[in-house]
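here are the coordinates; sequence isn't available:
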Ligand SMILES: [Zn+2]
Ligand SMILES: [Zn+2]
């Protein structure tokens, strides 16, 4: 006769690298151990997106009222400069600190049986780490609004007609 199927089924139904078995820590408050996994995640804002699996590396600590996760997350991202529209890839680094409580507050995270699902708090932190206004460099010159030239690499010579109104240009075309 196999063991009670209920303990197995939770992990099977909700199979995810973010789902961690913390049964050992719940029975040993005060203990802590390393935790490390790689997981896919979907996170994007206008000019920044995570483009591959994230690496989570940290520690889990058993508390009398739950489990505490403290981890560093590395997320490969593609960013687009807000001024010149250049794309580049960069590993974003962020920290996650989260309590999973046996009896959580309304907006807290819970220990479910002997599992914690770390996806919510990690996803939140990854979203916060995505820059809203990425710049390829602080003094990026952007692109010329008139001709579209990248002013970092090919400074445009300026536009003689910038100051003239389109009506003046029209006048030239009309007979006197
Ligand atoms: Zn730029
Ligand atoms: Zn120009």
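Everything's here; your move. This structure is a prediction, so every number in the text was calculated from the model and none was measured. Numbering: from 1, shown residues only. Ligands and ions are numbered 1, 2, ... in the order given.

wait, doesn't residue 134 sit right on residue 83?
No. Residue 134 sits out of contact with residue 83 when judged by C-beta atoms under 8 Å, with a separation of 9.4 Å. For the C-beta atoms, the positions are set from N, CA and C on the backbone; glycine is no exception.

what helix or strand is residue 30 located in?
When secondary structure is defined by DSSP states H and E, residue 30 falls outside every helix and strand.

looking at it now. What's its pLDDT?
You'll see residue 30 listed with a pLDDT of 96.

these two touch, right, it and residue 67?
No. Under the criterion of C-beta under 8 Å, residue 30 makes no contact with residue 67, lying 11.7 Å away.

how about the residues of the chain near ligand 1?
Taking C-beta under 5 Å from the ion, the part of the chain that reaches ligand 1 is made up of 81, 83, 84, 136, 140.

most neighbours, which of the residues you listed?
For the residues of the chain next to ligand 1, the largest neighbour count, defined by other C-beta atoms under 10 Å, is 20 neighbours, found at residue 81.

which one is that one nearest to, not counting chain neighbours?
On the basis of C-beta to C-beta, 6 or more residues apart in numbering, the spatially nearest residue to residue 81 that is not a chain neighbour turns out to be residue 136, at 4.0 Å.

which outside residues touch the longest helix that the chain contains?
Using DSSP state H to define each element, the chain has its longest helix at helix 119-129. Residues outside helix 119-129 that contact it (C-beta atoms under 8 Å, 6 or more residues apart in numbering): 16, 18-19, 39, 41, 43, 45, 50, 54, 56, 69, 71, 73, 75, 92-96, 98, 109.

show me what contacts residue 147?
156, 159.

so what's residue 24 up against?
Residues 31, 33, 62 are the ones in contact with residue 24 under the rule C-beta under 8 Å, 6+ apart.

out of the contacts of helix 119-129, which are inside helices?
Applying DSSP H to the contacts of helix 119-129, no entry is found in helices.

which of those residues are buried?
The neighbour count (16 or more other C-beta atoms under 10 Å) marks 18-19, 39, 41, 43, 50, 54, 56, 69, 71, 73, 75, 92, 94, 96, 98, 109 as buried among the contacts of helix 119-129.

domains for this structure, by residue range?
5-136, 141-176 (automatic domain parsing).

can you flag the weakest of those domains by average pLDDT?
Comparing the domains of the chain by mean pLDDT, the weakest confidence falls on domain 141-176, with a mean of 74.
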